[in-house]
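A.B. asks: here is my input; please provide its structure:
(2 chains)
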2 protein chains.
Amino acid sequence: MSSYQAPINDMTFNLFDVWQLDKYWQSNEQLQDLIEADTAKAILEEAAKICEQQIAPFAAEADQRGAQLADGKVSLPEHYHAAYQSLVEGGWTSLSGDPEYGGMGMPKALSMMVDEMLCSADIAFSLYPGLTAGACVALLQHADDTTKQTYLPKLYSGEWSGTMCLTESHAGSDLGIMRTTAKPNADGSYALNGSKIFITAGEHDLTSNIIHLVLAKLPDAPAGSRGISLFLVPKHHLDASGEPGERNNVTVGSIEHKMGINGSATCVLNFDDAKGYLIGEPHRGLSCMFTMMNYERLSMGSQGLGAAERAYQNALAYAKERLQGRIKEQNANKAEPIIGHPDVQRMLLNIKAMNEAGRTFATWVAALLDKSKYDNCVVSGQRANLLTPIAKAFMTDQGFDACVTAQQVFGGHGYVKEWGMEQLVRDVRIAQIYEGTNGIQAADFMLRKVAADKGAVLFSLLDDIIAELTDKPHVAAAPLLTAVTDLQSLTSRLLQQESPILAGAACDFLALVSYILYGYMWYKNLQALDNSKHSSHFTGAKTHTANWYFSRILPRASGISAILNTDSAMLYNLAPEGY
Amino acid sequence: MSSYQAPINDMTFNLFDVWQLDKYWQSNEQLQDLIEADTAKAILEEAAKICEQQIAPFAAEADQRGAQLADGKVSLPEHYHAAYQSLVEGGWTSLSGDPEYGGMGMPKALSMMVDEMLCSADIAFSLYPGLTAGACVALLQHADDTTKQTYLPKLYSGEWSGTMCLTESHAGSDLGIMRTTAKPNADGSYALNGSKIFITAGEHDLTSNIIHLVLAKLPDAPAGSRGISLFLVPKHHLDASGEPGERNNVTVGSIEHKMGINGSATCVLNFDDAKGYLIGEPHRGLSCMFTMMNYERLSMGSQGLGAAERAYQNALAYAKERLQGRIKEQNANKAEPIIGHPDVQRMLLNIKAMNEAGRTFATWVAALLDKSKYDNCVVSGQRANLLTPIAKAFMTDQGFDACVTAQQVFGGHGYVKEWGMEQLVRDVRIAQIYEGTNGIQAADFMLRKVAADKGAVLFSLLDDIIAELTDKPHVAAAPLLTAVTDLQSLTSRLLQQESPILAGAACDFLALVSYILYGYMWYKNLQALDNSKHSSHFTGAKTHTANWYFSRILPRASGISAILNTDSAMLYNLAPEGY
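C.D. replies: Numbers count the residues shown, from 1 in each chain, chains lettered A, B, ... in the order given. The predicted model follows:
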């Protein structure tokens, strides 16, 4: 069984020392009365208790038992009920919700850290509150006030939960070809017909109602993705008092048997004249849903980081305890802890360096979202938009690699279920796939976030970073300045290419930008250290890990640049039958 | 369910066009009567039938059911019995065995390809004949003639099977600290006491006897790894007629629940005054066992390649069939096969380029082993020795990456069990861990295979490659010459460092050498194409994939070089408590 302790020290270091968000919160009218440093720390500590004590210790049990379907009902692992109740009672499900409808209104930079903890504890469990939070964001932005009054308080309170129903068996990345239909009823509602797959939390026994947000096509819908509308379809219709009453015609056809996140019910949902309500404008459903998708995409990053953090903690503990081989000791019968072996140090430092940069990155993106939301800051919004696909794709790719590496530290013990490391690998793997595969993220980044504005937002960010590195240089971060400058010229050259070439370069380009921005994160960590009063242990470990990043990880960027600098136009002309 | 078709075309291309082994076989006195091109091709085709029809289609069933322990007996998936019988009846278990004891005496270059097919079909199943073959190699080299006469014919015939019992719960990579003891009995045999873990095929119902090769310490054993002896411990004692009789005191304590290879029984074996027989000299057991380990390590590469080949075939088929998104088509309701998307092409070509280079590499190493064995060629032996850790570590790392990438091509469908892709990922993961973790392989490569002779064997190989590239240049392989030259100077610089630095650099160095040698493999493929008469489809696909390797994969080497060129001495001074 793998253990877990929330990294509150590093979280508060990121909030207050690296990004100085306590000062930002104080400067903002809406936030200044809601949150300050001590409250934030207390919130993290309380969340940590639930995650460490009520969820993390039972993740292996949840994996083994999984969600089960019988007689059209999905039952979940026993302790999910108690853990969910704790979230509800503590108000955790309303953490980031709008205060107007009963939410606590906490900034994303803080709620994101609670997300990370939940994901460390059990990604499968985290999806139940996670999907609800996403549904609330979509409703808050696109539903009318009556709908919000009806649904949001119950969703924020955790009494009900939410889903997003997009995928059909033939329509995943390409939602435009979906077949689910919505026909107007006489009463202004709609009759939905169709079948959706891969619906996370689509059916379960944690809440008294489930509010499905469903994409479907109206009879007069134009072809493709511009003809999709968004509907709210409750599992139970509401009675006169607003409580769950009669069952709607939404049924679970089956649940998937998966590689991991077995505690999460991944459902096939059938809509047979299910009654639904239009949310937002007709045919604008996809953009409504993308509000929610973007929120989820940031949370995906937390899944990668959360699993990787737990993997690291356990690999580190194992490396300190496991006696194998001699490093300095000459006694042939006396083995030493494997952490003395340079290759084990390499594995641990690689994970640590990526995890901590990832946490700084996630906090950065969340803070940009907060500044965009609370201050209408346009530049922050643009930058959050630019960085979202990186938070989803790079953080989950790195999270998976970190879990695999941590499993490797355990040798054979990493492969057996008992130690819990293989579950982390299986669970986190999904984060690279769902909510838009990482390939889709890369295409989004390259084509929509960079090429579409001729690189304007990216170049402006890189200019600011260069200015900062020049104004306040840090000796350890010297290689970074060169890397950023090289990235500028490579991007300019790349943007002269045509879009199939860009699409082929997208994954590498996303990784290249990410490694460089993670370098910037380490620069920010080092700068924050200089100004803070942390223990010599904390400062020493941070400094060592930063040096590791700059000399052993950042150079990977040069390999990726070398790939992107080759002429690959002719390589995308292979016909399907040419393989 | 994932399907599988043995890549016989590429196998014969490697045997006869790339390495021209038919000519070598004809030139060798021992081999010329045993094997020639047509026989070899027929052998591959027959092996393919069993793997494609009797094993591959049921791998998912084997995964689901797994090996089961009840009342001290291990039962295996039903179809394993029929498949194993087919191997026995076809003489497949004796393929590489010594003809003096009933083996078929086939060269390694050929038997290795059968290994690859078995691993594509089901890694878990392949371990039963695989471990036996390894045990036979150790017995053939180290046992006396009576022992060989007694055991080898029954092992080659598949009537009995073999194991290797090394690991104890506290002693894995560090076997020197093992505790199992062997006390001399009056009759010249030994009484073994101790407990071994992670014993593949340690107990099962496929064969009437199991011959365990066990490492243990004699009473007068010196401390550490120089005090380990090798013993043969049969599950059943042999009666007067040489048939399995009374049960020996070896019992299975439990079997592991693992991430994958569930059809393989991974046992805890308890030895309670079990009767065993010394094999080889006292205290020289570890080097005897390494004969077997080296054999197994090459087969590990086949596990990586085998899984990756099957993963590729299925990802390619899926990419051609799955309709999603538009590439050229303008009709918004008409999706096109995803293989048209540049990023899907990138994934497929990355896998294909690494798989085919891997097959050429495996054939090369096997041919070197054959030339060392049949011709006593010293240089071939040294080079096989140098390349073995690469075959184990790089081929399994790449095999894992390939399976993960192929799973990614499937999107969400890759994560559900139904499609079989997630099983390939879970199964192949073990190959990076067992038989010496890939970190141990890298240390072996860097310290024992390269630094110990001051790089002599590596430099001689690189000199030969440079001479070949200069004598017979190929335009597409131009970047390779530079890469090899750079590797020479980097290696020289590196070898001036002290051994902790070398140990820390080992993994990166192994990867760097591997990427360059895989480039050499693609050069050999291109050269062979020029001289052969393959279809234009085959030639076109090979050429395209070679170009892909040189422009989109080989540049990774420059990123690794950049890492190895940084000064990292100070990075290995972090105390365990400093993380």
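
A.B. asks: what sits against the residue in the stretch 1-150 of chain A that chain B sits nearest to?
C.D. replies: Each residue of the stretch 1-150 of chain A has a distance to chain B, by CB to the nearest CB, and the smallest belongs to residue A:64, at 9.2 Å. All C-beta spots, glycine's among them, are computed from the backbone N, C-alpha and C. Counting by CB atoms under 8 Å, 6 or more residues apart in numbering or on different chains, residue A:64 touches residue A:262.

A.B. asks: now it: which helix or strand?
C.D. replies: In the assignment (DSSP states H and E), residue A:64 maps to helix A:59-65.

A.B. asks: how about residue A:214?
C.D. replies: Following DSSP H and E, one finds residue A:214 within strand A:209-216.

A.B. asks: off-centre distance for that strand?
C.D. replies: Taking CA atoms, centre = their mean, to the nearest Å, one finds strand A:209-216 lying 21 Å from the centre of the chain it belongs to.

A.B. asks: by contact count, what packs against that strand?
C.D. replies: helix A:108-142, helix A:145-157, strand A:160-165, strand A:190-200, strand A:229-234, strand A:266-279, helix A:285-321 (3 or more CB pairs under 8 Å, 6 or more residues apart in numbering or on different chains; DSSP states H and E).

A.B. asks: buried stuff in the second one?
C.D. replies: Read that as helix A:145-157. A:148, A:150-157 (16 or more other CB atoms under 10 Å in any protein chain shown).

A.B. asks: just the first one next, same as before
C.D. replies: The neighbour-count check on helix A:108-142 (16+ other CB under 10 Å) flags A:108-140, A:142 as buried.

A.B. asks: quick one, that helix and strand A:209-216 angle?
C.D. replies: Helix A:108-142 and strand A:209-216 are oriented at 70 degrees to each other (axes from the mean of the first three to the mean of the last three CA atoms, to 10 degrees).

A.B. asks: what pairs with the strand holding residue A:214, parallel or antiparallel?
C.D. replies: Under the criterion DSSP bridges, strand A:209-216 sits next to strand A:160-165 (parallel), strand A:229-234 (antiparallel) in its sheet.

A.B. asks: need the ones you listed in CSV with mean neighbour count, can you?
C.D. replies: Listed next are these as CSV, based on neighbours: other CB atoms under 10 Å in any protein chain shown:
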stretch, mean neighbour count
strand A:160-165, 26
strand A:229-234, 25
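
A.B. asks: closest one to residue B:416 among those strands?
C.D. replies: For residue B:416, the closest of those is strand A:160-165, at 17.4 Å, according to CB to CB.

A.B. asks: for the helix or strand just after the closest one, buried residues please.
C.D. replies: Tracing the chain C-terminally past strand A:160-165 and defining elements by DSSP H and E, one meets strand A:181-184 next. For strand A:181-184, the buried set under the neighbour-count rule, 16+ other CB under 10 Å, comprises A:181-182.

A.B. asks: who does strand A:181-184 touch, helix- and strand-wise?
C.D. replies: Contact partners of strand A:181-184 among helices and strands, from 3+ CB pairs under 8 Å, 6+ apart: strand A:190-200.

A.B. asks: residues in contact with residue A:136?
C.D. replies: Listed by CB under 8 Å, 6+ apart, the contact set of residue A:136 reads A:97-98, A:103, A:152, A:155-156, A:162.

A.B. asks: how about the residues you listed, which pair is most distant?
C.D. replies: In these, two members sit farther apart than any others by CB to CB. They are A:98 and A:162, at 14.6 Å.
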